[in-house]
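Visitor: Need coordinates for the following:
(one chain, ligands or ions: 1)
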Amino acid sequence: MTSDSFQPIQGMSDLAVPEIHLWQRLEDTARDLLSRYAFREVRTPILERTDVFERSLGDTTDVVRKEMYSFEDRGGRNLTLRPEGTAGVIRYVAGQGQDAQEARLYYIGPMFRSERPQAGRRRQFHQLGVEAIGAPCPAADAEAIALQAHLLGAWGLDEFRMEVNTRGLPEDRARVADGLRDALKTKRAELCEDCHRRYEENPLRILDCKKTECRDVVAGLPPVTSFMSVEARDYLRDVLQILKRLEIPVTENPRLVRGLDYYVHTVWEVTHVGLGAQDALSGGGRYALTLGNKTVEGVGFAMGLERVIAALTGQGMDPKSLAERPDVWLVSQGASAFDENLVLMQTLRMRGVSCGMDLQGRSMKAQMRAANRADSRYVIIRGEHEMEEGTFQLKNMEDGVQEELDMPDLIQRLTPATDIAWPDSEEKK
Ligand code: HAM
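Guide: Numbers count the residues shown, from 1 in each chain. All right, here's what the predicted structure looks like:
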């Protein structure tokens, strides 16, 4: 085997210590906060029928055109590894009864896009997504944006920027496309090759092009809202007004498009200054998706967790500082101390104390080295003397103080380290 055999596929990563501490912290904080906003978790399959995505994300989007991992399975079914979470959630909701039409759902998990890997762009990445189904009104959009800001703040992120725009109503699309074609007519020659195609197919996508020549052209265009209905403009105004009352700072960006086609009305994106070219931490908006004979409306967003983690580590957060230290490491000299320590370790664990010991009967020196590596708060040492006396040496690894204690004292001493109520120690008092 070459060393490459030990690497994951390009654009995909193993998530392990020390970063995993940060992943777990983010997930725990998010679950707490999401339940405060009355959202419940949903876990949809990672594989879906390809048409679930093709029909909902839009067949002129880059995700559907170039980035989906699609294949035919042994039964000849056309399947796709989910490139995002919304379509699967909507498929789930559409298959439920009337109750689910007002669902408030969130998901955390891997997504797959066959993009050219580069800093901030992975082929397997993770999203935390939120979907509030039903309630098609500006207050629901504002609530989702407020939750988004709250979550980023709770994770400790600062210097993020939230930009908001509208995609208008479905009826506005043709007017926007015509208006943009008209405004771009004399500038067509200056656009990149992809944007030439976009001009015909979906000129809105031109606003999203990252090429300098196209950006220059786009900078001179009128805002898309100028081609939209009064209803669409009023809806956005109402969302912005509610956000102001909730004191959520957002910036209106009339050129913000978003890369997926299912949006109607409000769209938004969150960027972070520390991220470089791929600076979008999160994106979201209101959508209406039709699957079979059902249309499901909702509003939501998804955050790219790799990017959230990159922004947090860029801000100086050290994942190692989040590692949980064991309370106790048990060290034994001699076979009978080893046997007794095995039993004590199990008892301690059953009572909520985190602890460990060397299981291979290695030397005292090796055991102390392992205790240091584990970075435990305390070490319990038992040798011949302690076995005879029925006592324990308890060493506090922070201040180095070592005391000889009997069982009730030992238990009492460990209690403050763990906040566990020990019935035996209560008796002793
Ligand atoms: P999206 O903008 O395609 O929206 O993705 C959301 C976030 O996922 C991005 O802002 C970014 O942080 C992260 N992301 C996307 N692609 C990659 C990649 N290749 N590598 C690393 N991170 C990436 C959606 O997916 C919509 N489903 C969001 C939504 C939910 N809208 C309504 N509800």
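
Visitor: can you map out the helices along the stretch 301-429 of the chain?
Guide: Here the stretch 301-429 of the chain has its helices, by DSSP state H, counting those that start in this stretch, at 305-314, 335-350, 364-374, 384-389, 407-418, 423-428.

Visitor: separation between the residue lying closest to V273 once chain neighbours are set aside and the ligand?
Guide: Among residues not flanking V273 along the chain, E159 sits closest, at 5.1 Å (CB to CB, 6 or more residues apart in numbering). Heads up, the C-betas are built off the backbone N, CA and C, glycines and all. With the distance defined as CB to the nearest ligand atom, to the nearest Å, E159 ends up 16 Å from the ligand.

Visitor: Check K185 too.
Guide: Relative to the ligand, and taking CB to the nearest ligand atom, K185 is found at 30 Å.

Visitor: And for that residue, the neighbour number?
Guide: 9 (other CB atoms under 10 Å).

Visitor: And Y378, by the same measure?
Guide: Neighbour count of Y378, defined by other CB under 10 Å: 21.

Visitor: Please apply the same query to A366.
Guide: A366: 13 surrounding residues under other CB under 10 Å.

Visitor: That one is in contact with M357, isn't it?
Guide: No - if you go by CB atoms under 8 Å, A366 and M357 don't touch, sitting 11.7 Å apart.

Visitor: ok, the closest residue to Q101 other than its chain neighbours - contacts?
Guide: Using CB to CB, 6+ apart and skipping the chain neighbours, the partner closest in space to Q101 is G134 (5.2 Å). By CB atoms under 8 Å, 6 or more residues apart in numbering, the contact list for G134 reads 101-103, 297-298.

Visitor: Separate out the buried members of those.
Guide: 101, 103, 297-298 (16 or more other CB atoms under 10 Å).

Visitor: Looking at those, which are in helices?
Guide: Assignment to helices by DSSP state H places none of the buried ones among the contacts of G134 there.

Visitor: Greatest separation within these: which pair is it?
Guide: Greatest spatial distance among these (CB to CB): A103 and E297, at 11.6 Å.

Visitor: any common contacting residues for those two?
Guide: With CB under 8 Å, 6+ apart, A103 and E297 have common neighbours 133-134.

Visitor: can you list the domain ranges for the chain.
Guide: Domain segmentation of the chain under automatic domain parsing yields 9-169+228-320, 326-414.

Visitor: So what sits opposite the closest residue to the ligand within the stretch 201-350 of the chain in the bridge?
Guide: As assessed by CB to the nearest ligand atom, the ligand sits closest to G304 within the stretch 201-350 of the chain, at 2.2 Å. Beta-bridge partners recorded for G304 (DSSP bridges): Q127.

Visitor: Around the ligand, pick out the residues from the stretch 301-429 of the chain.
Guide: Residues of the stretch 301-429 of the chain lying close to the ligand by CB under 6 Å from any ligand atom are 301-302, 304, 306-307.

Visitor: How about the stretch 51-200 of the chain?
Guide: Going by CB under 6 Å from any ligand atom, the residues of the stretch 51-200 of the chain near the ligand are 84-86, 113, 115, 121-122, 125, 127, 129, 131.

Visitor: switch the cut-off to 5 Å
Guide: Residues of the stretch 51-200 of the chain that fall close to the ligand, judged by CB under 5 Å from any ligand atom: 84, 86, 113, 115, 121-122, 125.

Visitor: And the furthest pair within those residues?
Guide: T86 and R121 (19.6 Å).

Visitor: Please identify which of the two sits among more neighbours.
Guide: The neighbour count for T86 versus R121, taken as other CB under 10 Å, is higher for T86 (27 against 16).

Visitor: you'd agree the more buried one is up against V52?
Guide: No - contact criterion CB under 8 Å: T86 and V52 do not qualify, at 10.3 Å.

Visitor: And the residue of the stretch 101-250 of the chain closest to the ligand?
Guide: Here the stretch 101-250 of the chain gets closest to the ligand at one residue, F125, 3.5 Å apart by CB to the nearest ligand atom.

Visitor: Give the closest residue to that residue in space, chain neighbours not counted.
Guide: For F125, the spatially nearest residue (CB to CB, 6+ apart) is E306, at 5.1 Å.

Visitor: give the contact list for the one you found.
Guide: 120, 122, 125-126.

Visitor: re earlier: tabulate the domains of the chain in JSON lines, adding columns for mean pLDDT.
Guide: Conversion of the domains of the chain to JSON lines gives the following (pLDDT from 0 to 100):
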{"stretch": "domain 9-169+228-320", "mean pLDDT": "94"}
{"stretch": "domain 326-414", "mean pLDDT": "94"}
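
Visitor: Many thanks, I have nothing further to ask.
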